[in-house]
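*Asks:* Sequence first, predicted model second:
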Amino acid sequence: MMKAKHQRLILIMGAVIILVAASLLAIYALRNQASYFYTPSELTEKNVEVDRAIRLGGMVQLDSIKTANDGITVNFLVGDGEAIVPVSYRGITPDLFVEGSGVVAEGRLNADGVFVADNLLAKHDENYMPRELDGIDKTAIENSTSKSSMRGGQ
Amino acid sequence: MHGFANPNRFLSLARPLTLIFLVSGLALISCGLVWGFFFAPADRLMGETVRILYIHVPAAWLGMAGWTSIAIASVVELVWKHPLAGVAARASAVPGVFFTAICLATGSIWAKPTWGTWWVWDGRLTSMFVLLLLYLGYLALAKEAQSQAAAGRTGAARIASIFGIVGVINIPIINRSVEWWNSLHQPASITAGKSSIDGVFLWPLSLAVIGFTLLFAAIILMRMRQLLADIRTEAKLRRRAAV
């Protein structure tokens, strides 16, 4: 005869297993919808329709930030190591918006394949480093060529 | 398992432990925060705002650890009917919700200058907000369980325990959210055996995390003693009223 506490233990373990299975199914179903942004390679792969409001996230490519003649429009390239998407933004950029750093742009893809952003958010990566180490150039290059800081969503 | 089932034996151990955890915790927190706020350097990109890390990271860890202890204590209560387990679970709720709220508030303050926004609905922020809501729901159930305990009833305590176990599913979701979904929040800096946080930040951060954890343990012990005392007083008053 099984003891009452063993029955309760088995019942709870069974309930937890079912709960975990249900959550995994829900997470699997949510996989793409729950992502905060598309990476440049997802954007090119999935042929996201023109003029649909989406977010694009990636690393600002080195030597790609160009200010247009009007003085407030910036054009730059966002890449994730596989694909690169040109972005155009009119407005004030956040402080952390620098080449080699992460960015999330909210906006639309236009007919020419340029992502027109209405809003820019700077994305900080997982590296914390003091200024004194002077590692900024090195990490910036690493960041713009590797995908390490844009993990997830695969 | 039932060695500490006797509340008197628990109390005789809890009193000195509370003091030890409280004093050592506060000492480590002061060292970690003074080091982090005044002596550690600024970050290469974030500048001085990096210092909020020394509060944000311990708060996030304890918000999640708080619910994990609620879930473990709830299993012990439901399966083994340990008399102190329910009290331990309910005692974790107030410090847990407190640290979760601090985590969300400090994160938001950091996000404004760093990301350029106070809040976004990405996977990490949303799942942490869900944890705050779970805590608020649990607090209501725990309050009812506590008032029933004095009357010798356990109905609400059982519902609170089941809720505590079900809610723990959110903890791995918070932890993995930055890996599963593209999120604005950065991925984990500290993973098994390696850290992408430079040592100059990591040392004060470690002190603060250990210190806040000891403080958290001291608060749980204090809350447990208070909840036990409340049940006793309430039961005594009821007996007197019944005579």
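*Replies:* Sure thing, it's come through.
*Asks:* buried stuff in the longest helix along chain A?
*Replies:* The helix spanning the most residues in chain A, taking DSSP state H as the definition, is helix A:4-30. Buried residues in helix A:4-30, counting neighbours by 16 or more other C-beta atoms under 10 Å in any protein chain shown, are found at A:Leu9, A:Ile12, A:Val16, A:Ile27. All C-beta atoms are positioned from the backbone trio N, CA, C, and that covers glycine.
*Asks:* Give me the pLDDT value at the second one.
*Replies:* Here the pLDDT value assigned to A:Ile12 is 90.
*Asks:* Against B:Lys81, how distant is it?
*Replies:* Using C-beta to C-beta, to the nearest Å, we find A:Ile12 at a distance of 13 Å from B:Lys81.
*Asks:* which secondary structure elements does the strand or helix carrying B:Thr126 contact?
*Replies:* Here B:Thr126 sits within helix B:123-150, counting by DSSP states H and E. Helix B:123-150 is packed against helix B:53-80, helix B:85-115, helix B:155-167, helix B:170-180, helix B:199-242, with contacts defined by 3 or more C-beta pairs under 8 Å, 6 or more residues apart in numbering or on different chains; DSSP states H and E.
*Asks:* angle of that helix against helix B:199-242?
*Replies:* 20 degrees (axes from the mean of the first three to the mean of the last three C-alpha atoms, to 10 degrees).
*Asks:* quick one: helix B:123-150 to helix B:85-115, angle?
*Replies:* If you take the same axes, to 10 degrees, helix B:123-150 sits at 160 degrees to helix B:85-115.
*Asks:* remind me which residues of chain A are low pLDDT?
*Replies:* Low-confidence segments of chain A, defined by pLDDT under 70, are located at A:1-2, A:132-154.
*Asks:* just to revisit the earlier point, okay if I get the helices and strands packed on helix B:123-150 as JSON lines plus mean pLDDT, mean neighbour count and distance to B:Leu132?
*Replies:* Formatted as JSON lines, the helices and strands packed on helix B:123-150 follow (pLDDT from 0 to 100; neighbours: other C-beta atoms under 10 Å in any protein chain shown; distance: least, C-beta to C-beta, whole Å):
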{"stretch": "helix B:53-80", "mean pLDDT": "95", "mean neighbour count": "22", "distance to B:Leu132": "8"}
{"stretch": "helix B:85-115", "mean pLDDT": "94", "mean neighbour count": "21", "distance to B:Leu132": "5"}
{"stretch": "helix B:155-167", "mean pLDDT": "93", "mean neighbour count": "20", "distance to B:Leu132": "11"}
{"stretch": "helix B:170-180", "mean pLDDT": "90", "mean neighbour count": "18", "distance to B:Leu132": "10"}
{"stretch": "helix B:199-242", "mean pLDDT": "92", "mean neighbour count": "17", "distance to B:Leu132": "17"}
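*Asks:* circling back: packing partners for the longest helix of chain A?
*Replies:* For helix A:4-30, the packing partners by 3+ C-beta pairs under 8 Å, 6+ apart come out as helix B:53-80, helix B:155-167, helix B:170-180.
*Asks:* Turn those helices into JSON lines, including distance to A:Asp112.
*Replies:* JSON lines is the format used below for the helices and strands packed on helix A:4-30 (distance: least, C-beta to C-beta, whole Å):
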{"stretch": "helix B:53-80", "distance to A:Asp112": "42"}
{"stretch": "helix B:155-167", "distance to A:Asp112": "49"}
{"stretch": "helix B:170-180", "distance to A:Asp112": "33"}
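*Asks:* got the buried residues for the helix holding B:Thr126?
*Replies:* Buried residues in helix B:123-150, defined by neighbour count with 16+ other C-beta under 10 Å: B:123-128, B:131, B:134-135, B:138-139, B:141-142, B:145-146, B:148-150.
*Asks:* Tell me what angle that helix forms with helix A:4-30.
*Replies:* Per the same axes, to 10 degrees, the angle that helix B:123-150 makes with helix A:4-30 is 150 degrees.
*Asks:* what's the model's confidence in helix B:123-150, averaged?
*Replies:* Mean pLDDT, helix B:123-150: 93.
*Asks:* B:Arg44 and B:Ile159: what is the separation?
*Replies:* Distance of B:Arg44 to B:Ile159, given as C-beta to C-beta: 50 Å.
*Asks:* Which residue ranges of chain A form strands?
*Replies:* For chain A, the strands defined by DSSP state E occupy A:54-60, A:66-67, A:73-79, A:84-90, A:102-109, A:115-123.
*Asks:* Return the most buried member of those strands.
*Replies:* The highest mean neighbour count among those, using mean count of other C-beta atoms under 10 Å in any protein chain shown, belongs to strand A:54-60: a mean of 25.
*Asks:* What helices and strands are in contact with that one?
*Replies:* Judged by 3+ C-beta pairs under 8 Å, 6+ apart, the packing partners of strand A:54-60 are helix A:40-46, strand A:73-79, strand A:84-90, strand A:102-109, strand A:115-123, helix A:136-145.
*Asks:* CSV for the ones you listed, including distance to B:Val75?
*Replies:* Formatted as CSV, the helices and strands packed on strand A:54-60 follow (distance: least, C-beta to C-beta, whole Å):
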stretch, distance to B:Val75
helix A:40-46, 40
strand A:73-79, 47
strand A:84-90, 49
strand A:102-109, 40
strand A:115-123, 38
helix A:136-145, 43
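*Asks:* Report the contact partners of residue 118.
*Replies:* In the absence of a named chain, this looks at chain A. A:Tyr89, A:Gly91, A:Glu106, A:Gly107 (C-beta atoms under 8 Å, 6 or more residues apart in numbering or on different chains).
*Asks:* Chain B was what I was after
*Replies:* The contact partners of B:Trp118, by C-beta under 8 Å, 6+ apart, come to B:Ser108, B:Ala111, B:Lys112.
*Asks:* any idea what it is structurally, helix, strand or coil?
*Replies:* B:Trp118 falls in the coil class when you classify it by DSSP: H, G, I helix; E, B strand; the rest coil.
*Asks:* Report the separation between B:Leu131 and chain A.
*Replies:* If you measure B:Leu131 against chain A using C-beta to the nearest C-beta, to the nearest Å, the figure is 14 Å.
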